[in-house]
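In: Okay, sequence plus prediction incoming.
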Amino acid sequence: MEIVVIGGGPAGRSAAMEASALGEEVKLIEKDKVGGKCLHQGCMVVCGLNDIAKFYLDSQNYHSLGITDEVSPIDFSKVTKGVRETATKIKKVLEYETKSTGVEIIKREAHLLKKSVKVGEEEILYDKLIIGTGSRASIPPIKGAENAMTYAEIPYLKKIPEKLLIIGSGVIATEFANIFSSLGSKVKVFCRNYFLPKLDPDIRNYVQKNLLKNVDIMEKTSIEEITTKGLRTTEGTWEGEVLLATGLTPNSEVAKGMVEIGEKNEIIVDPQMKTSNPNIYAAGDVIGGVSNTPISRVEGVTAARNACGISSTVDYSLIPYSISLYYDVSFFSPQNLESGTVGTIPGSAGPGSFWRTLEGMTGLTKVAVDVENGKINGITSISPSSRTNMSYMAKMIRDGYKTHDFDDFIEVHPSTDAVYKMLRFFSKY
C-alpha cells in the first residue's frame, strides 16, 4: 500500500515512521524544514532562549550575593544564531532517523488532486493520505496588525527589544514575556480578558509575583491599532516592538475542497483521525485540537495505524502541560484543584533552586485529593523538575494510582519535587 504524508512536523513525521514500521511504502512531503514549527519556531526556540534567560538571571543573583564580580553581557544576535544552528543540527538528526525507518522524504510543496499529490511536475498516487501540515500564528483583526511580529520572527532578532508589547494571554505570551523581561526588556502584556485564565488562581498569582515580577500585565484591554512605533488602546498609547501571541491557525489550505473543514480552519476528523474522505487522515495542529507536540505525535501514530487497517484512538485524558519560565509551571488537563481536600507546599531547595532559597523563591506545589478514597483530583507544580514529574504523574493517575500508593515512595535525592511529599502526606489519612 502506498501512503503519502504531507508535513514533516511532529504529527506527520510520527505518522510516516509508524506507517513504514508497519511495512507500508511511505513518502513524506515537506515543503520547508523537517521538524516543523516546534523545532524551528516554537518549543525548541523557547527552550534555547529560556536557558539564556535563566543564565542571565542567575548571573545577576550571584553578583548580588557577592559571588561573582560582574554580570555577563548577552550578545543576542549570537544567541539567535546559535538557536538556528542548533535547530539545523537537530533537523539533520530527525531526517536521518526518519529515513532510517524506510521513509522517503521529498522536499517540495504538495498540491492535492483527487487521487494523487502533485509535487512539482510529478504526480504521486496514494492509497491513503495523511495530512500533518501544522499551524501558524493567528493574526487577529486589529488595524495595523501587519506592523507586529509573531513567534516566527523571534529566531531572527539581532537585539533585545528595549520595550516589548505583547498581545495575548496564554502560554506563548507568558513564555516570551519571561524571556525578554529577564534579558532586560521593559515588557507589557495586553490581555483581551484575563491573563492565563486556565491556570489555578494560586498558581497564576505565584507566576505573576515571582516569575514575571518585572512584567506589567494589563487585563481587559482592547487593542485599537498597531503602528510602526507601538500600539494604541482605549486607555492610551505605548511605544515599543509589538509581538502577537494570539493563538494558532491550522494550515489546512492544502486540503480545501477535498475534506470537510471547520469554522476555525481546522480539518474535521473522527476519533480515528479519519476525515470526511475515507482515504484521507489528518493529525496534529491542523485538526485544531490540542496544540501540544506529544499529542501531535500520538495523533500521527493513530492516523497511521488506522490508515494501515489497525483500529486506534487517542486518549485525551490527563494531558501533561508545562510553561517554560525560570521554573517550569507544570500541570495536567483536565483537573480540578478545588475539589476535595486541597494542600499547598513551597518547593524544595535543590538543583536549580538552591541559590534562590535565601529570597524564598523555591516554587510551589498544589494538590487536590479525595481523602476518603485516595483519588488524586489535580496537581500543579512549579519547580525546576516539575516538567518531567508531571508527565509520569499523569500516566500514574490514568492507571489508577491513589495517594496510598505513595506511602512507600522513595525519591531521588536531592530533588526539588514536592509532589510526592504532598501525596505521601495525604496517604496517612
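Out: Alright, I've got the coordinates.
In: Run through the stretch 1-150 of the chain and note the low-pLDDT ranges.
Out: Across the stretch 1-150 of the chain, nothing is flagged by pLDDT under 70.
In: Likewise for the stretch 251-400 of the chain?
Out: By pLDDT under 70, the stretch 251-400 of the chain contains no weakly predicted segment.
In: Do a quick rundown of the helices in it.
Out: Secondary structure of the stretch 251-400 of the chain (DSSP state H, counting those that start in this stretch): helices located at 293-307, 386-398.
In: highest average neighbour count across those helices?
Out: helix 293-307 (a mean of 25; mean count of other C-beta atoms under 10 Å). (Each C-beta comes from the backbone N, C-alpha and C, glycine too.)
In: pull the CA atoms of that helix into CSV?
Out: Only the C-alpha atoms of helix 293-307 are listed here, as CSV (Å, rounded to 0.1, in the frame of the first residue of the first chain):
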residue,chain,number,x,y,z
THR,A,293,3.8,18.3,20.5
PRO,A,294,3.5,15.0,22.3
ILE,A,295,-0.3,14.8,21.4
SER,A,296,0.5,15.6,17.8
ARG,A,297,2.9,12.7,17.8
VAL,A,298,0.3,10.4,19.3
GLU,A,299,-2.3,11.6,16.8
GLY,A,300,0.1,11.0,13.9
VAL,A,301,0.7,7.4,15.1
THR,A,302,-3.0,6.9,15.5
ALA,A,303,-3.7,8.2,12.0
ALA,A,304,-1.0,5.9,10.6
ARG,A,305,-2.3,2.8,12.3
ASN,A,306,-5.9,3.4,11.2
ALA,A,307,-4.7,4.1,7.6
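In: Could you tell me the angle between that helix and helix 386-398?
Out: Computed by axes from the mean of the first three to the mean of the last three C-alpha atoms, to 10 degrees, the angle separating helix 293-307 from helix 386-398 equals 50 degrees.
In: What is helix 293-307 packed up against?
Out: Here helix 293-307 touches helix 10-21, strand 128-131, strand 280-282, going by 3 or more C-beta pairs under 8 Å, 6 or more residues apart in numbering; DSSP states H and E.
In: what residues does whichever helix or strand comes after the second one touch?
Out: Read that as strand 128-131. Using DSSP states H and E, the helix or strand that follows strand 128-131 in sequence is strand 135-137. Strand 135-137 is touched from outside by 37, 150-152, 244, 246-251, 285-286, 291, with contacts defined as C-beta atoms under 8 Å, 6 or more residues apart in numbering.
In: please redo it, this time with the cut-off set to 7 Å
Out: Strand 135-137 is contacted by residues 37, 150-152, 244, 248-251, 285-286, 291 when judged by C-beta atoms under 7 Å, 6 or more residues apart in numbering.
In: Look up how far S339 lies from the closest residue to T341 other than its chain neighbours.
Out: In space, and not counting its chain neighbours, T341 is closest to V371: 5.0 Å by C-beta to C-beta, 6 or more residues apart in numbering. For V371, the distance to S339 equals 12 Å [C-beta to C-beta, to the nearest Å].
In: From L113, how far out is the residue nearest to T341?
Out: Distance from V371 to L113, by C-beta to C-beta: 61 Å.
In: hmm, back to that, can you list the helices of the stretch 251-400 of the chain in CSV and add distance to F426?
Out: Listed next are the helices of the stretch 251-400 of the chain as CSV, based on distance: least, C-beta to C-beta, whole Å:
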stretch, distance to F426
helix 293-307, 28
helix 386-398, 13
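In: packing partners for the helix or strand harbouring R204?
Out: In the assignment (DSSP H and E), R204 maps to helix 201-206. If contacts are counted by 3 or more C-beta pairs under 7 Å, 6 or more residues apart in numbering; DSSP states H and E, helix 201-206 sits against strand 364-370, strand 375-383.
In: List the buried residues in it.
Out: 203-204, 206 (16 or more other C-beta atoms under 10 Å).
In: Going by the annotation, which residue ranges form each domain of the protein?
Out: Structurally, the chain divides into domains by automatic domain parsing as follows: 2-137+248-307, 145-244, 319-426.
In: which stretches of the stretch 51-200 of the chain form helices?
Out: Listed in chain order, the helices of the stretch 51-200 of the chain (DSSP H, counting those that start in this stretch) span 76-100, 171-182.
In: The longest one - contacts with which helices or strands?
Out: When contacts are defined as 3+ C-beta pairs under 7 Å, 6+ apart, helix 76-100 sits against helix 10-21, helix 36-40, helix 43-64, strand 104-106.
In: Could you dump those into a markdown table and include mean neighbour count?
Out: Formatted as a markdown table, the helices and strands packed on helix 76-100 follow (neighbours: other C-beta atoms under 10 Å):
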| stretch | mean neighbour count |
| --- | --- |
| helix 10-21 | 28 |
| helix 36-40 | 25 |
| helix 43-64 | 18 |
| strand 104-106 | 18 |
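In: Indicate which one of the ones you listed is closest to V259.
Out: Proximity to V259 (C-beta to C-beta) singles out helix 10-21 among the helices and strands packed on helix 76-100, at 15.5 Å.
In: ok, and what's touching that closest one?
Out: Identification of contacts with helix 10-21 by C-beta under 7 Å, 6+ apart yields 3, 5-6, 26, 28, 34, 36, 38, 94, 98, 101-103, 130, 132, 283-284, 293, 296-297, 299-301, 303-305, 307-308.
In: do that again at 8 Å, thanks
Out: Contacting residues not belonging to helix 10-21 are listed as 3, 5-6, 26, 28, 30, 34-36, 38, 94, 97-98, 101-103, 130-134, 281, 283-286, 293-294, 296-301, 303-305, 307-308 [C-beta under 8 Å, 6+ apart].
In: Restricting to C-alpha, output that helix in PDB.
Out: Taking Å, rounded to 0.1, in the frame of the first residue of the first chain, the C-alpha atoms of helix 10-21 are listed here in PDB:
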ATOM      1  CA  PRO A  10       5.700  16.100  14.900                       C
ATOM      2  CA  ALA A  11       2.400  14.700  13.600                       C
ATOM      3  CA  GLY A  12       3.500  14.000  10.000                       C
ATOM      4  CA  ARG A  13       6.900  12.600  10.800                       C
ATOM      5  CA  SER A  14       5.500  10.300  13.500                       C
ATOM      6  CA  ALA A  15       2.800   9.100  11.100                       C
ATOM      7  CA  ALA A  16       5.300   8.400   8.400                       C
ATOM      8  CA  MET A  17       7.600   6.400  10.600                       C
ATOM      9  CA  GLU A  18       4.800   4.400  12.100                       C
ATOM     10  CA  ALA A  19       3.300   3.500   8.700                       C
ATOM     11  CA  SER A  20       6.800   2.500   7.500                       C
ATOM     12  CA  ALA A  21       7.300   0.400  10.600                       C
END
